[in-house]
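Participant: Below are the sequence and a predicted model; questions follow.
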Amino acid sequence: MKKLDLKKDLKDLYAVPKGKVTAVKVPKLRYLMVDGQGDPNTSKEFADAITTLYGLSYTLKFMVKKGPEAIDYGVMPLEALWWADDMKDFGKADKSNWKWTAMIMQPSFINKKMIAAAKEELVRKKKDLPAMAKVRLEEMTEGACAQILHIGPYADEGPNIAKLHAFIHEQGKALRGKHREIYLSDARRTPPAKMRTIIRQPMG
């Protein structure tokens with residue numbers, strides 16, 4: 001059986017040193033995505049999106065593993081893009097106006113037909129995934145970015161975000177695109193002080 005290690009193949013994007021800002025070039029990658037709005041700490045919509053994305057991602061993984069290609073690969077971590085129509089809202093304690101795209105990267109061979117089959121499999125198993133109709137497959141290319149590994153609670157990211165932005169400005173670049181976070185830790189099982197999150201910002 002062929003094994004695929006996406007984290008190893010893309011180690012510059014997922015093996016990020018603690019506290020050090022690094023510049024990377026992010027190629028075209030394929031994601032399952034769900035869009036929404038609201039405070040991620042309290043939003044049922046956000047929780048439903050995560051459950052649905054993982055449900056589909058694991059179903060796809062086992063379908064491919066048992067299929068004619070017989071490829072085994074690890075499901076990638078949850079990621080999210082964050083923004084607000086008025087970016088002043090992005091720095092406020094009230095996160096109700098935050099907009100987000102929750103996403104999980106997929107191998108390049110995953111296609112819409114396979115996703116449709118995975119959805120049918122989940123329905124057959126009577127899995128209640130409220131965000132199913134919102135899921136889409138999309139490719140995106142971030143290009144030049146800066147990133148840093150944050151260890152600790154999400155609420156304490158501020159200094160590392162400032163460090164990331166300062167690095168970009170020191171390179172003579174400007175912030176572009178959307179703030180991205182890659183959640184390497186399972187928030188349900190990891191103490192807040194040990195949470196590992198990659199913070200990435202496109203620059204240009």
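Facilitator: Here it is on my side, so go on. Numbering: from 1, shown residues only.

Participant: Name the helix or strand for the residue in the chain sticking out farthest from the centre, please.
Facilitator: Computed with CA atoms, centre = their mean, the residue of the chain farthest from its C-alpha average is residue 68, at 28.7 Å. Applying DSSP states H and E as the criterion places residue 68 outside every helix and strand.

Participant: phi, psi of it?
Facilitator: Reported as degrees, to the nearest 10, the phi and psi values for residue 68 are phi -60, psi -30.

Participant: any idea which helix is longest in this protein?
Facilitator: Ranked by residue count, the top helix of the chain under DSSP state H comes out as helix 44-66.

Participant: Convert the C-alpha atoms of it to CSV, please.
Facilitator: Extracted in CSV, the C-alpha atoms of helix 44-66 (Å, rounded to 0.1, in the frame of the first residue of the first chain):
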residue,chain,number,x,y,z
LYS,A,44,-22.8,26.4,16.7
GLU,A,45,-22.2,27.2,13.0
PHE,A,46,-18.4,27.0,13.6
ALA,A,47,-18.7,23.8,15.6
ASP,A,48,-20.9,22.3,12.9
ALA,A,49,-18.4,23.2,10.2
ILE,A,50,-15.6,21.5,12.1
THR,A,51,-17.5,18.3,12.7
THR,A,52,-18.6,18.2,9.0
LEU,A,53,-15.1,18.9,7.7
TYR,A,54,-13.5,16.1,9.8
GLY,A,55,-16.4,13.7,9.0
LEU,A,56,-15.9,14.1,5.3
SER,A,57,-12.1,14.1,5.5
TYR,A,58,-11.9,10.8,7.4
THR,A,59,-14.5,9.2,5.2
LEU,A,60,-12.5,10.2,2.1
LYS,A,61,-9.3,8.9,3.7
PHE,A,62,-10.8,5.4,4.3
MET,A,63,-12.5,5.4,0.9
VAL,A,64,-9.1,6.0,-0.8
LYS,A,65,-7.3,3.5,1.5
LYS,A,66,-9.8,0.7,0.5
